[in-house]
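# coordinates for the following, if possible.
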Amino acid sequence: MSDIPDTTPSDTSGLPDAVAELVEDLAALTPSERMDLLQELADDLPAPPDRLHGDPGFERVEECQSPVHVLARVEEGVVRLYVDAPPSAAATRALAAILHEAVDGAPLARVLGLPADLPLRLGLGGTVSPLRLGGMAGMLGRVQRQLAAA
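Alright, predicted model coming up:
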C-alpha cells in the first residue's frame with residue numbers, strides 16, 4: 001500500500017455532519033494514518049451499559065465475522081444505539097463506532113433515512129476489507145429494521 005492519500009471524493013450527501021467530516025478527514029490521511037484513526041475509533045466505542053446485559057433485543061449481525069450484536073431503541077425522543085463487539089475485532093469496532101456516531105442521539109427520521117450505501121461512502125475500500133464493509137451494512141440494516149419495527 002502506498003502512503004499517498006486517497007483523494008477520491010466520497011458522496012457525503014445525506015450523511016450526518018459528524019460522519020461527513022470524518023469522511024473528509026479519512027480522505028486526507030495516508031493509509032497508515034487511517035489505520036491509526038480507525039484504532040482510536042475502535043477504542044472509543046462505548047460498551048453497552050450493565051442494565052442491558054442479557055437484553056433479548058440485542059441482535060447478532062450475521063454479516064460480521066466477529067460476534068457483534070446491536071440494539072437500537074428510541075429513548076427520550078432520540079435513537080440510542082448499543083453495540084456489543086469483542087475488543088479483538090478492531091476494524092469491526094471502528095466501523096461500529098462510525099455507525100454509533102451517525103445514529104446515537106439522532107432523531108428517528110434521520111436514522112431511518114441513512115443511505116444503505118453508507119459503508120461504501122466512507123472511502124475505506126483500500127483500508128478495510130469488503131467483508132468488513134458488508135458487516136457494517138448489516139449493522140445499519142438491523143438498526144434501521146429494529147427502529148422501523150418499534
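# quick one, strands of the chain?
For the chain, applying DSSP state E gives strands covering 59-60, 69-75, 78-84.
# what comes into contact with the first one?
For strand 59-60, contacts defined as CB atoms under 8 Å, 6 or more residues apart in numbering pick out Pro67, Val68, His69, Val70, Leu71, Arg142, Gln146. Any C-beta I mention is one placed from the backbone N, CA and C, and that applies to glycine too.
# what pairs with it, parallel or antiparallel?
Next to strand 59-60 in the sheet, as set by DSSP bridges, lie strand 69-75 (antiparallel).
# any idea of the mean pLDDT for the partner strand?
Mean pLDDT, computed over strand 69-75, is 97.
# may I have the helix or strand bottoming out on mean pLDDT in the chain as CSV, with CA atoms only?
Lowest by mean pLDDT, DSSP states H and E among the helices and strands of the chain is helix 17-28, with a mean of 88. The C-alpha trace of helix 17-28 is given here as CSV (Å, rounded to 0.1, in the frame of the first residue of the first chain):
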residue,chain,number,x,y,z
ASP,A,17,-22.4,16.3,9.7
ALA,A,18,-20.0,14.5,12.0
VAL,A,19,-19.8,11.5,9.6
ALA,A,20,-19.4,13.7,6.6
GLU,A,21,-16.5,15.4,8.4
LEU,A,22,-15.0,12.1,9.2
VAL,A,23,-15.2,11.0,5.5
GLU,A,24,-13.3,14.2,4.6
ASP,A,25,-10.7,13.6,7.3
LEU,A,26,-10.2,10.0,6.2
ALA,A,27,-9.7,11.0,2.6
ALA,A,28,-6.9,13.4,3.6
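# buried residues, that helix. List them.
Residues of helix 17-28 classed as buried: Val19, Ala20, Leu22, Val23, Leu26, Ala27 (neighbour count, 16 or more other CB atoms under 10 Å).
# bridging residues for Asp84?
Beta-bridge partners, per DSSP bridges, of Asp84: His69.
# check contacts around it.
Ala47, Pro48, Phe58, Val68, His69, Val70.
# ok, now Leu45?
Neighbouring residues of Leu45 by CB under 8 Å, 6+ apart: Val83, Ala85, Arg93, Ala94, Ala96, Ala97, His100.
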